[in-house]
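1. This is a predicted model, with the sequence first.
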Amino acid sequence: MTAGGDGFAAVVGGAALHIPVLGRPAIDFLNVRDGGVYIDATFGAGGYTRAILAAANARVIGIDRDQSAIALGADLVQAANVRLTLIEDQFSNLDQVARDAGFAAVDGVVLDLGVSSMQLDRAERGFSFRLDGPLDMRMGGAGASAADVVASASERDLANIIFILGEERHSRSVARAIVKARTQAPIRTTAMLADIVGSVVRSRPGDIHPATRTFQALRIFVNDELGELVEALQAAERILKPNGRLVAVAFHSLEDRIVKTFFAGRGETRAGSRHAPELKRPAPTFSVLTKRPVVADADEVAYNPRARSAKLRAAERSEAPARADDVSDLLPRLPALADVVKGH
């Protein structure tokens, strides 16, 4: 299933700063309507929020742990005239954020996963291997940075992080090169790390930058993005009304696999067979709306290259109570960030 790439950019309060990837299908699946309350759990540059506000006389709770995103959204808050509330917080806390804002339940939640172009475009944030800056990568500015991980992690931990979260097949060589380089001088900038990775990962014309997967892995690890995602999915299950919609846009296979598996587990109903007794299972909490992920068509990719790898999945909340079961099996097995940088 593909989404129409017609330059969709719903606008509130002036020209949109950001065209959301798969924006039209995201709004369609959210089923935005007058009087509804929706959570844009990864506000960023406000693309999805603008689209929701333009689609109906609805209210939006925007969440972002990046202070700069909240600050840049101030004009949109004013233009929305009480229909938008912006909160600085982690999106894993989206249910509590909604309750603190006075809403016991909401009609929809949208998750735009991964790093925003706004973060990548600012060298001082340390996300980009193309712009030299401090090796930071923290979305919220607190806690250990990517430089701390590179300085402290063992060669084995580095290799596992880069292999699992970056899906980098040269992870051992990269980890070995990092450990060797840091004995000679601290690795404090994005350019230094990109050069180190480039010395062992070769690329041909047309390939992605050699450091792409290593930078992705460190960013995901530093920000606990997969752990945040799992908690956010559970939080959405708790806060959505019956018939409320959850829409997630993922940009790489690790995120998409978690969303897909969560939806499948929350939506499945297995009947017993004549060879085995029927097991008592909790009632489904979601009905999956996307049998296959929605992807961008050629037109959207042409004007928004970031859409090339995007996959959208959506589900509708049932009346069954939210589950409290352990879903840690959705996450890869890696050491905690605090353990990796212990004593640094």
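-> That came through, no problem.

2. my guess is residue 33 contacts residue 59, does it?
-> No - with contacts defined as CB atoms under 8 Å, residue 33 does not count as touching residue 59, sitting 11.4 Å away. Every C-beta, even on glycine, is put in place using the N, C-alpha and C of the backbone.

3. So if I had to pick from those two, which one is more boxed in?
-> It is residue 59, of residue 33 and residue 59, that has more neighbours when counted by other CB atoms under 10 Å, with 21 against 13.

4. And the more buried one, its phi and psi?
-> phi -110, psi 150 (degrees, to the nearest 10).

5. Let me see the contact set for it.
-> 36, 37, 38, 83, 84, 85 (CB atoms under 8 Å, 6 or more residues apart in numbering).

6. ok, the residue nearest to the spatial centre of the chain to residue 70 distance?
-> Compute the mean C-alpha point of the chain, and by CA atoms, centre = their mean the closest residue is residue 113, 1.9 Å away. In this structure, residue 113 and residue 70 are separated by 19 Å, where distance is defined by CB to CB, to the nearest Å.

7. Regarding residue 92, what is its secondary structure?
-> Assigned with DSSP: H, G, I helix; E, B strand; the rest coil, residue 92 falls in the helix class.

8. I figured it was touching residue 233, is that so?
-> No - contact status for residue 92 versus residue 233: not in contact, 9.2 Å apart, counting by CB under 8 Å.

9. related to what we said a few turns ago, mark which of the contacts of residue 59 are part of strands, please.
-> Counted as lying in strands by DSSP state E, out of those, are 37, 38, 84, 85.

10. which of those tops the neighbour count?
-> residue 38 (30 neighbours).

11. OK, contacts around the spatially closest residue to that one that is not a sequence neighbour?
-> In space, not counting the residues next to it along the chain, residue 38 is nearest to residue 108; the distance is 4.3 Å by CB to CB, 6 or more residues apart in numbering. With CB under 8 Å, 6+ apart as the criterion, the residues that contact residue 108 are 30, 31, 32, 36, 37, 38, 39, 240, 244, 245, 246, 247.

12. ranking those by neighbours, who comes first?
-> Comparing those on neighbour count, residue 39 comes out first with 35 neighbours (neighbours: other CB under 10 Å).

13. For it, give its distance to residue 31.
-> From residue 39 across to residue 31, the span is 14 Å (CB to CB).

14. Check residue 142 too.
-> With distances taken as CB to CB, residue 142 is found 36 Å from residue 31.

15. Over to residue 237?
-> Shown here: residue 237 relative to residue 31, a distance of 17 Å by CB to CB.

16. One more: residue 57?
-> Relative to residue 31, residue 57 is positioned 14 Å away (criterion: CB to CB).

17. One more: residue 329?
-> Between residue 329 and residue 31 the distance, using CB to CB, works out to 31 Å.

18. so who does the residue nearest to the centre of the chain touch?
-> With CB under 8 Å, 6+ apart as the criterion, the residues that contact residue 113 are 42, 225, 229, 248, 249, 250, 251, 255.

19. So which of these wins on neighbours?
-> Taking other CB under 10 Å to define a neighbour, the member of the contacts of residue 113 with the most is residue 248, carrying 30 neighbours.
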